[in-house]
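quick one, what's the 3D model for this:
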Amino acid sequence: MTNIALSEETARRHFGRQDPIGEVIYISIGSNKFGYKVTAVYRIPGSTVLDDTPLLRLMVDRYYMQNWKSWGVGGGHTYFKLKKGI
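Okay, here's the model as predicted:
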């Protein structure tokens, strides 16, 4: 199981006032259902490209290798954390 970060709004929508950290949220992709452990909740700043979309690590496993064979299969943004000075 991999981790997921939810915006405050998404966390409230799915878990109400309950602390979502450590809870599991399930996302369906096609006929497959994947569980993700909530490890962070983030606040969306006023000026950003981020929206209410959950942030998760894309696991390159057999499912993705079989179903993501072209650039047009899915959409999303990729973010990198750079070392200071880069």
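
let's see the strand ranked longest in the chain as CSV, backbone CA atoms only.
Among the segments of the chain that qualify as a strand by DSSP state E, the longest is strand 32-42. Written as CSV, here are the backbone C-alpha positions of strand 32-42 (Å, rounded to 0.1, in the frame of the first residue of the first chain):
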residue,chain,number,x,y,z
ASN,A,32,-9.3,-2.2,-10.1
LYS,A,33,-9.5,-0.7,-6.6
PHE,A,34,-6.4,0.5,-4.8
GLY,A,35,-6.0,1.4,-1.1
TYR,A,36,-3.9,4.4,-0.1
LYS,A,37,-2.9,5.3,3.4
VAL,A,38,-3.4,8.9,4.4
THR,A,39,-0.1,10.2,5.6
ALA,A,40,-0.5,14.0,5.2
VAL,A,41,-3.1,16.7,4.9
TYR,A,42,-2.1,19.9,3.1
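
contacts for that strand, please.
Under the criterion CB atoms under 8 Å, 6 or more residues apart in numbering, residues 1-8, 11, 20-28, 50, 54-56, 63 lie in contact with strand 32-42. Just so you know, the C-beta spots here come from the backbone N, C-alpha and C atoms, and that holds for glycine as well.

could you rerun that using 10 Å?
Strand 32-42 is contacted from outside by 1-12, 14-15, 19-28, 50, 54-57, 59, 61, 63, 67, using CB atoms under 10 Å, 6 or more residues apart in numbering.

for burial, what's the neighbour tally of residue 42?
For residue 42, the neighbour count with other CB atoms under 10 Å is 14.

please, a PyMOL command that selects the buried ones among the contacts of strand 32-42?
Of the contacts of strand 32-42, the buried ones can be selected in PyMOL as follows, counting by 16 or more other CB atoms under 10 Å:
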select buried, resi 4+5+6+7+10+11+15+20+23+25+54+56
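
take the contacts of strand 32-42 and keep only those in strands.
The strands, defined by DSSP E, take in 2-7, 24-28, 55-56 from the contacts of strand 32-42.

which one of the residues you listed is nearest to residue 80?
Nearest to residue 80 among these, counting by CB to CB, is residue 55 at 12.7 Å.

and that closest one, what does it touch?
Counted by CB under 10 Å, 6+ apart, residue 55 has contacts 3, 4, 5, 6, 7, 40, 42, 76, 77, 79.
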